[in-house]
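Asker: generate coordinates for the sequence data below:
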Amino acid sequence: MSLLQRIKQHLLPPSSRSFHAFETNANSEMHQLRLENASLMQQLAYMSDQLTQITEQVNQIQAEHAYEQQRDMMLFWAEYQKPSESPIAAKKRFFRSLPKAKGNLQLLQDNQIKLFKEFDSICRNNGIIYWVGSGTLLGAYLYEDIIPWDDDIDVFMTRSQIAQLQELLESDCTYRITTLWDWYVPCKQIRFCLQDTNNPAFIDLFPLDLTNSDPEYAWNRVLEERASFVKDIRNEFQGTEWESIPYLPTTHPITKNIERLYREHVASLHDDINYVSSFEDATGLTRGIENIDELHSTGPYPINDWIPTQDMKYRDFSVMACSAWNTYLTRHYGNYFKIPKDINSHEHVANDYLNSEAVQNSMHHYLDK
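Answerer: Numbers count the residues shown, from 1 in each chain. You can find the predicted model right below:
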């Protein structure tokens, strides 16, 4: 049998009758597929219509819930407010009446606040300006204390004054400043801590830069460069040791390349923004590109909103705040007269670590001094 005959035998119908039967069957199956496809399209259109209706109902329910919540809060505050009291005073009284922290969190907070008081004293005695920020500023205003569920202190300082503080503490036996590159965010962690490495108390220091460029332009330009810096970090250091050591000490060899990349991006900023060294010459402040990202932008920072500083009570001492604290808090939190939904996600120090005997002894010893 020839090759051509074998191909016909295996690939072609043996007769015209079989071929037509094959064609009829194929057409029938195709017709059935078209019917099923049409049915599926009808079902999809129906489900899409149902989804639209459900979405509209959910939106209506959410709007009604928001209205009821707003109405209930209005009635609550009207009932809570004393006759001789302003609405703001009533809200402050409410927040200050909330239960304080207990157990390990209270112990950590007491250590943080003692350290903060000593930090404030060092700064004031050496002419160093700082500003409380984020939850620390909110705590100072609403609670005159640390927020009951918070466990860290956030402070802004100009870059030159962080350098001045580092120089002051270079040979200090009690305090130190630590720096780490954080892979998760990524950012450069700068912290004021005790020399005692068993004590977990710390103050986060966030560097700001002085500029006499237009504050809004400078702010937005820094945000752009920050995004570019983060993108380049991910591209260059993905899969490196930094990823496996997420909190990288600045003594690690990889940090030379991180700092090189950081300087390249800072140089790019200097092409567009004019930085200055004194408050007198400045029109505004910008965040450093090594800072952690904000969930909601709090800038720009015109210099007159930050200098002179304003003292706020914080437990048994006063802390420095920007004069435009209300603008900052509103941009950061929106309506800050409410209990946030994320009060259980503020853990900066693991409870298991706090339970260790060495840490417990260190924290109690520090408070007893």
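Asker: remind me which residues of the stretch 51-200 of the chain are low pLDDT?
Answerer: Within the stretch 51-200 of the chain, no stretch falls below the threshold (pLDDT under 70).
Asker: so where do the strands sit in it?
Answerer: Secondary structure of the stretch 51-200 of the chain (DSSP state E, counting those that start in this stretch): strands at 131-132, 153-158, 175-182, 187-194.
Asker: same question for the stretch 201-350 of the chain.
Answerer: 202-211, 247-249, 284-287, 301-302, 310-314, 317-321.
Asker: most tightly packed of those strands?
Answerer: Ranked by mean neighbour count under mean count of other Cβ atoms under 10 Å, the strands of the stretch 201-350 of the chain are led by strand 284-287, which reaches a mean of 25. In this view, the C-beta of every residue, glycine as well, is placed from N, C-alpha and C.
Asker: format the strands of the stretch 51-200 of the chain as JSON lines; extra columns: distance to Glu259 and mean neighbour count.
Answerer: Formatted as JSON lines, the strands of the stretch 51-200 of the chain follow (distance: least, Cβ to Cβ, whole Å; neighbours: other Cβ atoms under 10 Å):
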{"stretch": "strand 131-132", "distance to Glu259": "26", "mean neighbour count": "26"}
{"stretch": "strand 153-158", "distance to Glu259": "20", "mean neighbour count": "24"}
{"stretch": "strand 175-182", "distance to Glu259": "9", "mean neighbour count": "18"}
{"stretch": "strand 187-194", "distance to Glu259": "9", "mean neighbour count": "21"}
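Asker: adding distance to Pro99, write those out as a markdown table.
Answerer: Formatted as a markdown table, these follow (distance: least, Cβ to Cβ, whole Å):
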| stretch | distance to Pro99 |
| --- | --- |
| strand 131-132 | 23 |
| strand 153-158 | 21 |
| strand 175-182 | 32 |
| strand 187-194 | 28 |
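Asker: so which of these is nearest Gln60?
Answerer: strand 153-158 (39.6 Å; Cβ to Cβ).
Asker: contact partners of that closest one?
Answerer: Residues outside strand 153-158 that contact it (Cβ atoms under 8 Å, 6 or more residues apart in numbering) are 112-113, 115-116, 119, 128-137, 146, 165, 192, 202-210, 285.
Asker: out of the strands of the stretch 51-200 of the chain, which comes closest to Tyr314?
Answerer: Of all the strands of the stretch 51-200 of the chain, strand 131-132 comes closest under Cβ to Cβ, at 7.7 Å.
Asker: so which of the strands of the stretch 201-350 of the chain is nearest Phe94?
Answerer: Closest to Phe94 of the strands of the stretch 201-350 of the chain, according to Cβ to Cβ: strand 310-314, at 17.6 Å.
Asker: could I have the CA atoms of the closest one written out in PDB?
Answerer: Extracted in PDB, the C-alpha atoms of strand 310-314 (Å, rounded to 0.1, in the frame of the first residue of the first chain):
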ATOM      1  CA  GLN A 310       4.400  75.200  70.500                       C
ATOM      2  CA  ASP A 311       4.700  73.400  73.900                       C
ATOM      3  CA  MET A 312       2.100  70.700  74.700                       C
ATOM      4  CA  LYS A 313       1.700  68.900  77.900                       C
ATOM      5  CA  TYR A 314       2.700  65.300  77.900                       C
END
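Asker: just the helices in the protein please.
Answerer: Applying DSSP state H to the chain gives helices spanning 3-11, 16-80, 87-96, 103-125, 134-142, 159-168, 215-237, 241-244, 255-270, 325-333, 351-354, 357-368.
Asker: list the buried residues in the third one.
Answerer: To tie it back to what came earlier, the one meant is helix 87-96. Judged by neighbour count using 16 or more other Cβ atoms under 10 Å, the buried positions of helix 87-96 are 90-92, 94-95.
Asker: the fifth one too?
Answerer: Residues of helix 134-142 classed as buried: 134-142 (neighbour count, 16+ other Cβ under 10 Å).
Asker: any idea how far Ala358 is from Thr197?
Answerer: Between Thr197 and Ala358 the computed distance is 9 Å (Cβ to Cβ, to the nearest Å).
Asker: and for Ile113?
Answerer: For Ile113 relative to Ala358 (Cβ to Cβ), the value is 21 Å.
Asker: which of these two has more neighbours?
Answerer: Ile113 (20 against 12; other Cβ atoms under 10 Å).
Asker: quick one, what contacts the nearest residue in space to that one that is not next to it in sequence?
Answerer: Leaving aside its sequence neighbours, Ile113 sits nearest to Arg315 (Cβ to Cβ, 6 or more residues apart in numbering; 5.6 Å). Each residue near Arg315 by Cβ under 8 Å, 6+ apart is listed here: 113, 117, 144-146.
Asker: noted, bye for now.
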